[in-house]
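Undergrad: Next input, structure requested:
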Amino acid sequence: MKVVIIGAGEVGFHVAKALSEENYDITIIDIDIKKCQRATENLDVIVVEGNWASPNVLLEANVGEADYVLCLTKVDEINLIASQQSHELGANKVIARLRDQQYSSRESIIKPEKFGVDIVIHPEKAACEEITRLVKHPYAVQVMDFESKRLTMLGLKIDSG
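TA: The predicted structure is shown next:
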């Protein structure tokens, strides 16, 4: 599976590391030469240095052949533009990290889906939901919700005795 990660900051770097260890074909794009060097020196990935939202850079990274494009820069607007470009170039699925939750509100003028985003991740909201689930179920080592939170699966550790 081919995955293109736009943004080699902490989130992008660690996602690339985890996926490359699972033998995914990873390409990272970043404008910062130091972040590109860090990825090149520490990960088994292809690194493309350049503007995240540039069509030429995205073409060089073969975004159009990607199964997933993950837009993980720190700037929401760059993630939206990179998402739109990736979608237009033929990426199969686009996942964007958007810090501003207003983009997902009904009243928002700018809708992520209009930019070709298939899945939006709001990091602060996701962290809040995970912490809330863990606090509600302190005995669980893992909590997962399904079917719009109508079903909750708890992972429990049971002693052999």
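Undergrad: From the contact counts, what lies against the helix or strand harbouring A82?
TA: Assigned by DSSP states H and E, A82 belongs to helix 76-89. Here helix 76-89 is seen to pack against strand 2-6, helix 55-60, strand 68-71, strand 93-97 when contacts are counted using 3 or more CB pairs under 8 Å, 6 or more residues apart in numbering; DSSP states H and E. All C-beta atoms are positioned from the backbone trio N, CA, C, and that covers glycine.
Undergrad: Tell me which of these is the most buried.
TA: Highest mean neighbour count of the helices and strands packed on helix 76-89: strand 68-71, a mean of 28 (counted as mean count of other CB atoms under 10 Å).
Undergrad: quick one: average pLDDT of the helix holding A82?
TA: Averaging pLDDT along helix 76-89 gives 94.
Undergrad: And stretch 131-139, by the same measure?
TA: Over the span of stretch 131-139, the pLDDT mean works out to 74.
Undergrad: Could you list the buried residues of that stretch?
TA: Within stretch 131-139, the residues that count as buried by 16 or more other CB atoms under 10 Å are R133.
Undergrad: Can you dump the C-alpha atoms of that stretch in PDB for me?
TA: Extracted C-alpha coordinates of stretch 131-139, given in PDB (Å, rounded to 0.1, in the frame of the first residue of the first chain):
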ATOM      1  CA  ILE A 131      -9.300  10.700  27.800                       C
ATOM      2  CA  THR A 132     -13.000  10.900  28.500                       C
ATOM      3  CA  ARG A 133     -13.500   7.200  27.500                       C
ATOM      4  CA  LEU A 134     -10.600   6.100  29.700                       C
ATOM      5  CA  VAL A 135     -11.800   8.000  32.700                       C
ATOM      6  CA  LYS A 136     -15.300   6.600  32.300                       C
ATOM      7  CA  HIS A 137     -13.900   3.100  32.200                       C
ATOM      8  CA  PRO A 138     -10.800   3.200  34.600                       C
ATOM      9  CA  TYR A 139     -10.600  -0.600  34.700                       C
END
